[in-house]
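*Asks:* quick one, what's the 3D model for this:
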Amino acid sequence: MKNLAVHFSAVLLLVISTPTAHAQTVGFASATSTTNEWASQHPVAITMTTAPATNTTVMVTYAGTGTATGSLDFDFTTQSITFTPAMFYPDTQYVGGLTLVSDAVTDPDETVNLALSILSGPGTLGTVAHQVLIKELDGRLMVNEISQGASGNQEYYELVVWGPPATTVDIRNWVVDDNNGLYNTGDSAISGVGIASGFATFENDCMWEKVPTGTIITIYNSEDKNASIVAVDDPKDSDEDYIHVLPLSIEFGTCGTPAANPYLNGYASSPDVPTASTAYFTPNQDPCFSMISLANNGDAAQVRNAAFTEMSGVSYGLGVTNHPRYASYGNDALAFTEKAGNRSFWMANTWGNDTYHKQNWLTSSPRTETPAAGNNAANSAWLSSMLQPFPVPSLNSTYTCHLNALEYRRYLNPNDEIFAHLRNNTANNHGSATVQMTIGHTIVQNNNLADAPFFAEPNWQVTLASAGVSPSMQVRLYTTPAILAALAISVNAAYGTVYTSSTIVPFVKIYQTTASGVEPRYGLGPQVNGYATTNVSYGSNYYFQATTTLGGGTFALGVPAPPLWAQPGVELQTGPGQEVHSLRVWYATDADQIGKVFIQSQREGRAQLKWYALDGRNIHRQELNLDSGVNVFVANIEGFAAGIYVVEVAMEGETVRQKVVIR
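*Replies:* Prediction:
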């Protein structure tokens, strides 16, 4: 949000109307409400206490005050709603005209003020001013769906990483828990009502350090698996679909030991009833699903950050006034009165993306279950909107994380800018893996290499703790159109080509050296390995991908010197061609002239004739004397395979090349 002169961040509704003698009271359900910048839409509740004799229509308008800025931080459309005598009273309706505009600027929380007035019909004004507090939301882990399953212990938690698009969230040591007393009567919790010992946490592991927003994490009881969980167990998202599926055993016979779970940790005996964050102790053992299992008669699913502060939670069967967010959300706090047997609860994005707001949630029995997937079209679209391509940095960047068997790792800097991606294709554990990207190199041509490539900046130094036996590693290197454009300028200047930042992309290769301190841009032929790449458009940027079997080393992006057939003036000819300077050349296609090359010269002289395959190999050469006029040269090409070749005729001060086809 912007720090401008006029702001709208809290919505304050002011109702100006002359009170009537009627007993009905109509107004905002509360004087304040809270939403988040990334919520998209924020519904505001209007309540009428008793039935009017005739229709009553009220209007909600922007009051023109607050600290948020209209159109930059929010938009509001004046709306009216009507209460009819046939409705059940007291009746609450919602206006949804407040649209939040998210940005990448971190600002203080802001406010928008709304006003309410009676347009027509009977009624006495109640609360006529409403202020909406728009909170600047940092990335966090949120509850997206929970279910009790059909029977037994078939519960599961579905969590999402929530925050600005194309960012990551560090969820190391974040807590997953059921009700610990916080969701029924606060600090004087009723013992036994959905309160169970133990909790689970995400391991202090770099896999959880940079989790992209929009990622889904599903945790379920592996000993009574819900049939709706059809996704394959995938704790580390090995298929890179931004979905983690984590099974947990339920009883201490198969978990609860001090041995570390690779992905989750736990603590068996706290908190029991206390709600304060200090009641959470340092986790010290494998978690069991029984530590977070959900009771039928009333319970809650909650998430706490690494400091044990409650960040998200949905309760059922415990009453809305006991929900920890009742003070800010009122009756729209995420608390359901229904019990949970054979029931599910899920974020449906009915009014936008505020996962704290009950109007965005649905419940059903029998269950509607979509574990490890979007809950509906709106929920899936919300998750996809966060999974945007990360920006590519224009500064030096380094990241270190382990790269174990069959793992992948994104390498992002602290600004969530991506510069590399590694995938270990083998069962080797590479251990700690560091990628350091260094920008600031001059574009240079390395004539020590057979294909004489021009090298762009930067370099990527990949350091593995252990390459292991027969390593195989997929490497992705990210770059920008600006870097490719600069590379194209250098290649064009040298060869007269007309590459642009996009047309040079298919020719980019990845080069690698493993010799210590040797960069591909300066290395000798035996030291440098070149790989043909797969190129992928990545947002407005690109990445280039290849597989190396040499382990770590120094990597760079280069463009080989263009082959003869790619250079200007090389045109396909199968018959007499257009004159180029004083020479022209063509290959005969008539049946009685097969094997003949025609060369027309405007002057006499010694010439050299060369034939090249399209991969640049010289496959035939001969010197000859040319007369002025048409010279017929019978080339030794009868054994050439059918295809396209380049024939080059060079005389003193002039060279002509043409592509010719042999059928």
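*Asks:* what mean pLDDT does the host helix or strand of residue 311 get?
*Replies:* Per DSSP states H and E: residue 311 is located in strand 310-316. Here strand 310-316 scores 94 as its mean pLDDT.
*Asks:* just the buried residues of whatever helix or strand residue 247 lives in, please?
*Replies:* Taking DSSP H and E as the criterion, residue 247 maps to strand 243-248. Within strand 243-248, the residues that count as buried by 16 or more other Cβ atoms under 10 Å are 243-248. For every residue, glycine as well, the C-beta is placed using N, CA and C.
*Asks:* could the residues you listed be laid out in TSV, adding distance to residue 479?
*Replies:* Below are the buried residues of strand 243-248 laid out as TSV (distance: Cβ to Cβ, whole Å):
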residue	distance to residue 479
243	28
244	29
245	33
246	35
247	39
248	41
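*Asks:* farthest pair within those?
*Replies:* 243 and 248 (16.7 Å; Cβ to Cβ).
*Asks:* how many residues are close by residue 206?
*Replies:* 17 (other Cβ atoms under 10 Å).
*Asks:* is it true that it touches residue 402?
*Replies:* Yes: contact criterion Cβ atoms under 8 Å: residue 206 and residue 402 qualify, at 6.3 Å.
*Asks:* buried residues, the strand holding residue 311. List them.
*Replies:* So strand 310-316, judged by 16+ other Cβ under 10 Å, has buried residues 310-316.
*Asks:* ok so, going back, contacts for whichever helix or strand comes after the strand holding residue 247, please.
*Replies:* Downstream of strand 243-248, the next assigned helix or strand under DSSP H and E is strand 264-267. Residues outside strand 264-267 that contact it (Cβ atoms under 8 Å, 6 or more residues apart in numbering): 198-204, 219, 246, 248, 256, 280-288, 291.
*Asks:* who does the next helix or strand along the chain from strand 264-267 pair with, and is each partner parallel or antiparallel?
*Replies:* Note on strand 264-267: by DSSP H and E, the next helix or strand toward the C-terminus is strand 299-304. Paired neighbours of strand 299-304 in the sheet (DSSP bridges): strand 175-177 (antiparallel), strand 310-316 (antiparallel).
*Asks:* which helices and strands sit right next to the next helix-or-strand element following the first one?
*Replies:* If I follow you right, that is strand 175-177. Reading on from strand 175-177 to the C-terminus, the next helix or strand found by DSSP H and E is strand 199-202. Applying 3 or more Cβ pairs under 8 Å, 6 or more residues apart in numbering; DSSP states H and E, one finds that strand 199-202 contacts strand 175-177, strand 264-267.
*Asks:* ok, which of these comes nearest residue 300?
*Replies:* Nearest of those (Cβ to Cβ): strand 175-177, 8.4 Å.
*Asks:* touching the helix or strand containing residue 556 from outside, list them.
*Replies:* Element membership for residue 556, per DSSP H and E: strand 553-559. Around strand 553-559, the neighbours that count as contacts under Cβ under 8 Å, 6+ apart are 446, 453-456, 458-462, 475, 477, 479, 487, 491, 504, 507-515, 518-521, 530, 544.
*Asks:* now the buried members of these.
*Replies:* 446, 453-456, 458-462, 475, 477, 479, 487, 491, 504, 507-514, 519-521, 530, 544.
*Asks:* in helices only, show me those residues.
*Replies:* Among the buried ones among the contacts of strand 553-559, DSSP state H puts 487, 491 in helices.
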